[in-house]
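Novice: have a look at this fold, sequence not included:
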Ligand SMILES: N[C@@H](CCC[C@H](N)C(=O)O)C(=O)O
């Protein structure tokens, strides 16, 4: 099985080319590939399949040639992955499966068709505009933090830290507890602190994330969009440009009246072949 490994601000993925949708990708195989000791190791898998050849992509095949079949490291599905989409587009362009033009490149996902713009240093994707919809609590080792639930195609809970508590003090080796009635399908939880202004932006936020299906990661693109929307709301604004610093680097989120662009580096680091018979079995 051929693979490429890539990452966006440290959020890393195994990319599996499967243009005709022939691969029997199972939750067990995904979890084995993402195993950091006995597999390749990754936060998730991106299967590159023609939209027309994937049951969830077929309806979008008229709008986008390629479908991003995204899986979390534990073998569960997610509707959307912002960094995954950026790395997916980097792969399409690097392998010649798509040719970048001045026009934004469409990509089909479980959350609909997104558009991407590619430069040498960055890939920007237009995400769904974040929708802030509820207040909810995350509890972490006895610390209860109230935050804002946000829909970015996938579910998020954004919790600001109280004054005096550093992001680095949080223990994210365990999942934060959340109310399953508010998040019946689980949730990605972002913890945030504000930071000094960055030139060319309207605000600057630091964030750590515990991802549904992947545990703590170095970055989460949809999470950055959710965090930016909450920070803008807290500043009394609906639109603006936010720098979001994650442990793996910096993402820039630009929210307008009708769009949300997520931008940052997207890097391919290796290509090779996997001996799937040597992977741990589920
Ligand atoms: N890392 C991603 C989000 C991946 C999906 C998430 N774990 C979920 O289950 O919703 C990103 O960059 O957005």
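Specialist: Here it is on my side, so go on. Keep in mind the model is a prediction, meaning the values are calculated, not measured. Numbers count the residues shown, from 1 in each chain.
Novice: tell me the residues of the stretch 151-282 of the chain that contact the ligand?
Specialist: Residues of the stretch 151-282 of the chain found near the ligand (C-beta under 6 Å from any ligand atom) are 154, 188, 211-214, 217, 220-222. No exception for glycine: its C-beta is placed from N, CA and C like everyone else's.
Novice: could you pull up phi and psi at residue 70?
Specialist: Backbone torsions for residue 70, taken as degrees, to the nearest 10, come to phi -90, psi 140.
Novice: outline the domain layout of the protein.
Specialist: Following automatic domain parsing, one finds the domains of the chain at 2-125+266-277, 131-258.
Novice: thinking again about what came up before, okay, the residues of the stretch 151-282 of the chain next to the ligand in a markdown table with neighbour count and distance to residue 16 next?
Specialist: Output for these, formatted as a markdown table (neighbours: other C-beta atoms under 10 Å; distance: C-beta to C-beta, whole Å):
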| residue | neighbour count | distance to residue 16 |
| --- | --- | --- |
| 154 | 27 | 21 |
| 188 | 25 | 23 |
| 211 | 29 | 20 |
| 212 | 22 | 21 |
| 213 | 20 | 17 |
| 214 | 23 | 17 |
| 217 | 25 | 19 |
| 220 | 36 | 21 |
| 221 | 29 | 20 |
| 222 | 32 | 21 |
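Novice: just the ones in helices from those, please.
Specialist: Among these, DSSP state H puts 221-222 in helices.
Novice: want to throw the residues of the stretch 151-282 of the chain next to the ligand into JSON lines with distance to residue 77 and pLDDT?
Specialist: Output for those, formatted as JSON lines (distance: C-beta to C-beta, whole Å; pLDDT from 0 to 100):
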{"residue": "154", "distance to residue 77": "10", "pLDDT": "96"}
{"residue": "188", "distance to residue 77": "14", "pLDDT": "98"}
{"residue": "211", "distance to residue 77": "13", "pLDDT": "98"}
{"residue": "212", "distance to residue 77": "10", "pLDDT": "98"}
{"residue": "213", "distance to residue 77": "8", "pLDDT": "98"}
{"residue": "214", "distance to residue 77": "12", "pLDDT": "98"}
{"residue": "217", "distance to residue 77": "17", "pLDDT": "98"}
{"residue": "220", "distance to residue 77": "16", "pLDDT": "98"}
{"residue": "221", "distance to residue 77": "17", "pLDDT": "98"}
{"residue": "222", "distance to residue 77": "14", "pLDDT": "98"}
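Novice: just the ones of the residues of the stretch 151-282 of the chain next to the ligand in strands?
Specialist: Counting by DSSP state E, those place 188, 211, 217 in strands.
Novice: can you redo those residues as a markdown table with distance to residue 235?
Specialist: Below are these laid out as a markdown table (distance: C-beta to C-beta, whole Å):
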| residue | distance to residue 235 |
| --- | --- |
| 188 | 23 |
| 211 | 26 |
| 217 | 26 |
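Novice: can you tell me which of those is closest to residue 275?
Specialist: For these, the closest approach to residue 275 (C-beta to C-beta) belongs to residue 217, at 26.4 Å.
Novice: where exactly do the strands run in the stretch 151-282 of the chain?
Specialist: With strands called from DSSP state E, counting those that start in this stretch, the stretch 151-282 of the chain shows them at 155-160, 177-178, 188-194, 203-211, 215-217, 240-246, 249-255, 260-264, 267-273.
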